[in-house]
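Q: Pasting the sequence and the predicted coordinates here, then a few questions.
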Amino acid sequence: MVKGDEASFTAWASARQHALMRTAFLLTGDWQRAEDLLQDALTKVALRWSRLVDGQPEAYARTILVRDNVSWWRRRGREIVVEAPPEPPASHDTVASERRMLVTEALNHLTAKQRAILVLRFYEDLSVPQTAHTLGISEGTVKSQTYAALARLRQQAPELAELLGEVGR
């Protein structure tokens, strides 16, 4: 990597690593695996930085996070290990802490594909076409899996609707 490229990559990575780490955690549900996933993604972005610097390096990094997570999941024979969520930091905002724990627990009830779709659509705020492109699936699959995932969340975690004030919906 050229010295100027190295400086621009380091600046970009420093600015975006926290947001990408949150995305990796939401995809995996495991801090250690999320850290490994992020490290691998940043390494792959660094190797291609000269081509990505003028494009969309964050979109490329998100695509790597999602695809590497799916590859990890497939290699493990579709075994899903649900770990207890990490202890939330001490905070006086109990509603936000409770909401964060409920969302994390609810995401653990979804398949890897459903979880990835919801994270990209609603956390990363990607459109249906962008999500389909990132995951390498059709737009119809994104729509149907979003519907199925949200229905599963409503069934598995009705307390989320209560917490967010959506009981009448």
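A: Nice, I can see it.
Q: who touches stretch 121-141?
A: Contacting residues not belonging to stretch 121-141 are listed as 22-23, 26, 59, 62-63, 66-67, 113, 116-117, 120, 142-143, 146 [Cβ atoms under 8 Å, 6 or more residues apart in numbering]. For glycine as for every other residue, the C-beta is placed from the backbone atoms N, C-alpha and C.
Q: For it, which residues meet the burial criterion?
A: For stretch 121-141, burial by neighbour count (16 or more other Cβ atoms under 10 Å) applies to 121, 124, 126, 128, 130, 131, 132, 134, 135, 141.
Q: pretty sure residue 28 contacts residue 38?
A: No: if you go by Cβ atoms under 8 Å, residue 28 and residue 38 don't touch, sitting 9.8 Å apart.
Q: overlap in contacts of these two?
A: Counting by Cβ under 8 Å, 6+ apart, nothing touches both residue 28 and residue 38.
Q: follow-up on the earlier one: would you mind listing which of the contacts of stretch 121-141 are buried?
A: Buried members of those, counted by 16+ other Cβ under 10 Å: 23, 26, 62, 63, 66, 113, 116, 117, 120, 142, 146.
Q: what's the spacing between the second one and residue 50?
A: Taking Cβ to Cβ, to the nearest Å as the measure, residue 26 falls 30 Å from residue 50.
Q: helix/strand/coil for residue 54?
A: Taking DSSP: H, G, I helix; E, B strand; the rest coil as the rule, one finds residue 54 in the coil state.
Q: got the contact list for it?
A: So residue 54 contacts nothing (Cβ under 8 Å, 6+ apart).
Q: Just the pLDDT for it.
A: Residue 54 is assigned a predicted lDDT (pLDDT) of 84.
Q: With that, I have no additional questions.
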